[in-house]
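Participant: Can you look at this prediction? I've put the sequence above it.
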Amino acid sequence: MLNYCGSIADFVCNAKSREDDLPLLNEHCRSRFFLHPRRTKKVLLFFHGFTAAPWQFVPMGEAFFKAGYNVLVPLMPGHGHGGNWSRQNPPPLPTTAAVYQDFAQEWLDRAQELGEDVYIGGLSGGGTVAAWLALERSQDIAGCLLFAPYLSSSSRVLDLFVRKLTPDYCDWGAPRPGQARYGYDGFA
């Protein structure tokens, strides 16, 4: 029990301390942990989408926590930072795979301390990270949930076609009126 509690205190405090030093856009950008006072049979590790933040998995995390799982939703490297970002001053998002691969493996190691079976998942860019991790460390993962993983770049011709034929098309980087902003404007 002491080792489990020590593990929790260690990575929760480290995440909080690291994020306290960042210019976060708002509190929704912080890592989210739904942890029981003991190891659980199942642990879920979710990776949020590229340019987004852990808030994407809060409803799902709460539901799995109530079902008896420990749930981790860490803030991805460079994400959630506030600032006056533009094409000339882009947000500090890493664009090299190695940064996300190291991050994913580090969090998988932490998740393994919290329960018997680790399941991973991710949305969009986080789905790509989860897919890579599931292939790289399949022996350490009980299952993988992929939500619209980003697996290739878009086609300008297809994007133009969709915009012209779909009257309610919404660019992923543009919030709808009244919607809170947690991500960044269009990012290549």
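Facilitator: Sure, I can see it.

Participant: Just the residues contacting whatever helix or strand Phe64 lives in, thanks.
Facilitator: Here Phe64, judged by DSSP states H and E, is contained in helix 58-66. Here helix 58-66 makes contact (Cβ atoms under 8 Å, 6 or more residues apart in numbering) with Arg32, Phe34, Leu35, His36, Leu44, Phe46, Val71, Val73. In short, each C-beta sits where N, CA and C put it, glycine included.

Participant: list the buried ones in it?
Facilitator: Val58, Met60, Gly61, Phe64, Phe65 (16 or more other Cβ atoms under 10 Å).

Participant: Same question for stretch 3-15.
Facilitator: By 16+ other Cβ under 10 Å, the buried positions in stretch 3-15 come out as Tyr4, Ser7, Ile8, Phe11, Ala15.

Participant: about what we covered before: what's the farthest-apart pair in the contacts of helix 58-66?
Facilitator: The distance between the two most remote of the contacts of helix 58-66 (Cβ to Cβ) is 16.5 Å, for His36 and Phe46.

Participant: higher neighbour count, the two?
Facilitator: The neighbour comparison of His36 against Phe46 (other Cβ atoms under 10 Å) goes to Phe46, with 27 against 16.

Participant: Fine by me, thanks again.
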